[in-house]
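Visitor: can you look at this prediction? I've put the sequence above it.
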Amino acid sequence: MNTTDRAAETMERILNPRRVAVVGVTSSGFGFGSGILSSLISIGFDGELFPVNPKGGSIHGLDIRTSVEAIPGDIDFAIIALPAHLVPDALESCRRKGAAGAEILSAGFRESGTPEGAALEERVRAIAARGIRVIGPNCFGVYSPRGGLTLLPGPALSREAGRFAFLSQSGGHTIDIAHMGTWHGIGFSAAISFGNGADLRETELLEYFGRDPQTDIIGMYIEGVDDGRCFYSRLRDVCAGKPVIVYKGGLSEAGGKAVASHTASMGGSRVIWDSLLRQCNAVSVDSIPAMADTALAFTRLPWRRYRGISIVGGGGALGVAAADAADAYGMELPVLAADLQEAIMALLPKPGSSAANPIDVANPYVPANILRDVLLLAARDERVDIQVLVQLLYHYKAALGMFSNPPLEEIVPVEALADAAREAVDAGGKPVVAVLPNHLRGADSMDVEKLMRSARAAFLSRGIPVFDDLGSAVRSIGNVSRYMAVRERRGNAVSP
């Protein structure tokens with residue numbers, strides 16, 4: 001077996017383990033060890049779990065082993081949640097038990113800035129070199145829907161696997177995007193918070209998921225890299241076949257100081273990082289919401305270059321903002337052909353409507369079948385590659401009094417609108433994305449919040465990606481388009 005195959009086999013045992021030790025549980029009170037054990041049970045891990053604490057006892061109906069050595073047989077993976085000074089000996093015990101890998105949730109290592117912390121991390125690194133892969137320390141661990149592993153604290157994450165892998169030095173960002181994925185419409189092949197990265201870290205993980213057949217899209221939150229040249233080489237190679245979305249933290253002076261105390265990483269120069277990402281054709285974003293939006297676009301849209309966008313919805317100013325955003329990504333809102341404008345205007349309510357592009361439908365209550373027909377007409381323009389349907393559903397709140405105050409969800413045709421978008425895609429042959437803004441967020445508008453969640457679910461269930469605002473939608477489409485334009489120019493084979 002060659003080195004690549006051995007590495008893949010090791011990662012498979014880490015991401016899909018059958019026998020897991022949780023070292024550092026307590027039978028009373030709350031601690032990280034007990035918390036992650038409870039989360040594993042809640043998410044439905046169906047392998048064998050072995051809680052470990054020298055005091056013994058039981059927890060969740062499981063016997064607590066007094067040591068790692070007391071576990072019968074070998075283990076595949078270990079989760080270590082102990083005071084930092086106890087971690088190296090526990091890790092060595094896990095290595096001797098045959099574990100392919102271990103995640104160390106504990107902090108107090110190099111990021112502490114103390115000689116003692118740095119020495120402990122060096123011991124961890126030395127043990128890893130003897131034959132066990134380490135994730136962390138100072139991390140939230142591994143989320144693997146297929147394998148039933150979850151992050152700390154992540155008992156409510158989805159078990160539905162997808163094609164997006166997220167790799168992060170920040171545990172908080174990892175759990176945030178994992179939660180966002182549940183309602184955003186993003187499925188994960190895995191999400192790994194690697195913290196200080198004493199052993200496994202950005203470059204090696206990127207290489208693995210670049211080869212992983214379960215992964216089509218990779219996202220990364222990076223504070224610093226261990227070997228800049230090696231990272232550049234791997235990133236360039238992976239981006240030739242899969243989109244890699246990168247959020248680089250610590251590019252400002254203040255941010256650089258913050259990451260130094262967070263994971264003991266060096267932030268680096270904005271100019272250098274911008275150049276590196278551009279040369280590799282990585283997709284650069286500046287926040288976790290932007291990461292989620294861009295991952296959604298790559299997940300739900302055909303990978304291709306998009307030049308022309310049509311906007312269908314209410315509000316002229318929205319179109320101005322969309323035109324500005326589109327221009328930044330080499331896209332445009334082409335003025336529709338005169339005959340198409342005439343046909344669209346015949347469908348729209350008057351006064352106040354416009355069919356030039358953006359197509360202003362004048363009010364938020366236009367029936368779904370008319371919106372479908374408008375989308376189909378706009379799709380006939382050869383310059384339109386993708387369409388954006390903007391629905392200001394929150395305005396229905398003002399109409400409640402006209403309908404004898406029924407529940408809001410009863411007067412908003414959410415299912416019909418989602419069906420209309422799907423029918424426009426199928427019959428028109430061009431992708432449609434939905435934008436569902438909501439500016440009613442007060443205590444008296446909880447029904448609007450519920451409506452927006454239902455609407456998002458309805459569109460997603462029909463394969464229509466949903467964004468909270470027009471700018472996010474256009475930027476995400478632009479990220480897909482720009483990535484594919486560079487791939488095509490460089491002659492890289494086109495995937496989904």
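Guide: Structure received. Numbers count the residues shown, from 1 in each chain.

Visitor: go ahead and confirm residue 10 touches residue 100.
Guide: Yes: using C-beta atoms under 8 Å, residue 10 is in contact with residue 100, at 4.8 Å. To be clear about C-beta, it is placed using only N, CA and C from the backbone, and glycine gets the same treatment.

Visitor: quick one, which of the two is more surrounded?
Guide: Between residue 10 and residue 100, counting by other C-beta atoms under 10 Å, residue 100 is the more crowded of the two (22 against 18).

Visitor: what pLDDT is listed against the nearest residue to the more buried one once chain neighbours are set aside?
Guide: Once flanking residues are discounted, residue 100 sits nearest to residue 13: 3.7 Å by C-beta to C-beta, 6 or more residues apart in numbering. With respect to pLDDT, residue 13 has a value of 97.

Visitor: just the buried positions in the host helix or strand of residue 13, please.
Guide: Residue 13 belongs to helix 3-15 when assigned by DSSP states H and E. Buried residues in helix 3-15, counted by 16 or more other C-beta atoms under 10 Å: 7, 10, 11, 13, 14, 15.

Visitor: for the stretch 351-496 of the chain, which segments count as strands?
Guide: Ranges of strands within the stretch 351-496 of the chain are 359-360, 386-390, 432-435, 466-467, based on DSSP state E, counting those that start in this stretch.

Visitor: mind checking which of those strands is nearest residue 288?
Guide: Residue 288 sits nearest to strand 466-467 of all those, at 14.9 Å, using C-beta to C-beta.

Visitor: strand partners of that closest one, parallel vs antiparallel please.
Guide: Take DSSP bridges as the rule and strand 466-467 pairs in its sheet with strand 432-435 (parallel).

Visitor: what mean pLDDT does the partner strand have?
Guide: Averaged across strand 432-435, the pLDDT comes to 98.

Visitor: tell me which other helices or strands the helix or strand where residue 122 lies touches.
Guide: Residue 122 is located in helix 115-129, with elements delineated by DSSP H and E. On a contact count with 3 or more C-beta pairs under 8 Å, 6 or more residues apart in numbering; DSSP states H and E, helix 115-129 meets helix 87-96, strand 133-135.

Visitor: winner for burial among those?
Guide: Highest mean neighbour count of the helices and strands packed on helix 115-129: strand 133-135, a mean of 25 (counted as mean count of other C-beta atoms under 10 Å).

Visitor: next helix or strand past it?
Guide: Using DSSP H and E, the first helix or strand after strand 133-135 is strand 141-143.

Visitor: next SSE after that following strand?
Guide: Next along the chain after strand 141-143, taking DSSP H and E as the criterion, comes strand 161-168.

Visitor: report the inter-axis angle for the helix or strand just after that following strand versus strand 161-168.
Guide: The first helix or strand that comes after strand 161-168 along the chain, using DSSP H and E, is helix 171-184. Per axes from the mean of the first three to the mean of the last three C-alpha atoms, to 10 degrees, the angle that helix 171-184 makes with strand 161-168 is 160 degrees.

Visitor: list of residues touching the helix or strand following helix 171-184?
Guide: Next helix or strand after helix 171-184 toward the C-terminus (DSSP H and E): strand 188-193. Here strand 188-193 makes contact (C-beta atoms under 8 Å, 6 or more residues apart in numbering) with 15, 135-136, 139-146, 151, 158, 161-171, 173-175, 177-178, 181, 200, 205, 209, 212, 214-215.

Visitor: tell me the mean pLDDT for strand 188-193?
Guide: Along strand 188-193, the predicted confidence averages to a pLDDT of 98.

Visitor: strand partners of that strand, parallel vs antiparallel please.
Guide: strand 141-143 (antiparallel), strand 161-168 (parallel).

Visitor: please report phi then psi for residue 245.
Guide: The phi/psi pair for residue 245 (degrees, to the nearest 10) reads phi -100, psi 120.

Visitor: quick one: pLDDT of it?
Guide: Looking at residue 245, its pLDDT is 98.

Visitor: also residue 254?
Guide: The per-residue confidence score, pLDDT, reads 47 for residue 254.

Visitor: try residue 371
Guide: Residue 371 is assigned 97 on the pLDDT scale.

Visitor: tell me the contacts of it?
Guide: Residues near residue 371 by C-beta under 8 Å, 6+ apart: 312, 361, 389, 417, 420.

Visitor: domain map for the protein?
Guide: Split into domains by automatic domain parsing, the chain comes to 3-297, 302-490.

Visitor: and the helix holding residue 122, how far out from the chain middle?
Guide: Chain-centre distance of helix 115-129: 31 Å, with C-alpha atoms, centre = their mean, to the nearest Å.

Visitor: what's whichever helix in the chain runs longest packed up against?
Guide: Secondary structure of the chain per DSSP state H: the longest helix is helix 470-490. Contacts defined by 3+ C-beta pairs under 8 Å, 6+ apart place helix 470-490 against strand 283-285, helix 288-300, strand 309-313, helix 316-328, strand 386-390, strand 432-435.

Visitor: what's the closest of those to residue 19?
Guide: Checking the helices and strands packed on helix 470-490 against residue 19 by C-beta to C-beta gives helix 288-300 as the closest, at 32.0 Å.

Visitor: ok and the closest one relative to strand 188-193, angle-wise?
Guide: Using the same axes, to 10 degrees: helix 288-300 against strand 188-193 is 160 degrees.
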